[in-house]
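>>> Build me a structure from this.
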Amino acid sequence: MLQWVAVDRQDLEELRTFDTLQIALISIGNFFLSGSLWIFAEQFFGREVFEWTPLSGFCVGAAMFGLVMIMAGCVLWRLRRRKVSNIFDGLGEI
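Take a look at the predicted model:
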């Protein structure tokens, strides 16, 4: 069974933009989250008694920023997925 889908250029460009932005946001978020957790873990396990320092606070802030970036990337992934599903819902058989 062969199926054809009519997709205009604007839809394809929008999907490509979502894809690039999604990858960038998740990559940046992963970088910030993993780096801040690594430094925080070094501070936490490297001392006998843990104490909050400005670096610890910065690590927590960077981890939250990373999580927000990852969540934004996931939202874009869902939007792109929904757009493709809407295109395929209008399919007809040949």
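>>> What segments of the protein are helices?
Assigned by DSSP state H, the helices in the chain fall at 9-45, 54-89.
>>> So which of those is nearest residue 3?
In terms of Cβ to Cβ, the element of those nearest to residue 3 is helix 54-89, at 8.8 Å. Backbone N, C-alpha and C define where each C-beta goes, glycine included.
>>> Point out where the protein drops to low pLDDT.
Filtered on pLDDT under 70, the chain yields the residue ranges 1, 90-94.
>>> can I get the helices of the chain in a markdown table with distance to residue 3?
Supplementary listing: the helices of the chain in a markdown table, determined by distance: least, Cβ to Cβ, whole Å:
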| stretch | distance to residue 3 |
| --- | --- |
| helix 9-45 | 17 |
| helix 54-89 | 9 |
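>>> possible to save the ones you listed as CSV with distance to residue 2 and mean neighbour count?
Listed next are the helices of the chain as CSV, based on distance: least, Cβ to Cβ, whole Å; neighbours: other Cβ atoms under 10 Å:
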stretch, distance to residue 2, mean neighbour count
helix 9-45, 20, 14
helix 54-89, 14, 14
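>>> What separation do you get for residue 64 and residue 84?
Applying Cβ to Cβ, to the nearest Å, one obtains 31 Å for the distance of residue 64 from residue 84.
>>> go on, residue 67?
Relative to residue 84, residue 67 is positioned 26 Å away (criterion: Cβ to Cβ).
>>> Equivalent analysis for residue 3, please.
If you go by Cβ to Cβ, the gap between residue 3 and residue 84 works out to 14 Å.
>>> Residue 39 now?
Shown here: residue 39 relative to residue 84, a distance of 39 Å by Cβ to Cβ.
>>> Also residue 76?
For residue 76, the distance to residue 84 under the criterion Cβ to Cβ works out to 13 Å.
>>> Between those two, which contacts overlap?
Applying Cβ atoms under 8 Å, 6 or more residues apart in numbering, one finds that no residue jointly contacts residue 76 and residue 84.
>>> Spit out the contact partners of residue 10.
Contact partners of residue 10, counting by Cβ under 8 Å, 6+ apart, are absent.
>>> How about residue 30?
When contacts are counted by Cβ under 8 Å, 6+ apart, residue 30 is found next to 66, 70.
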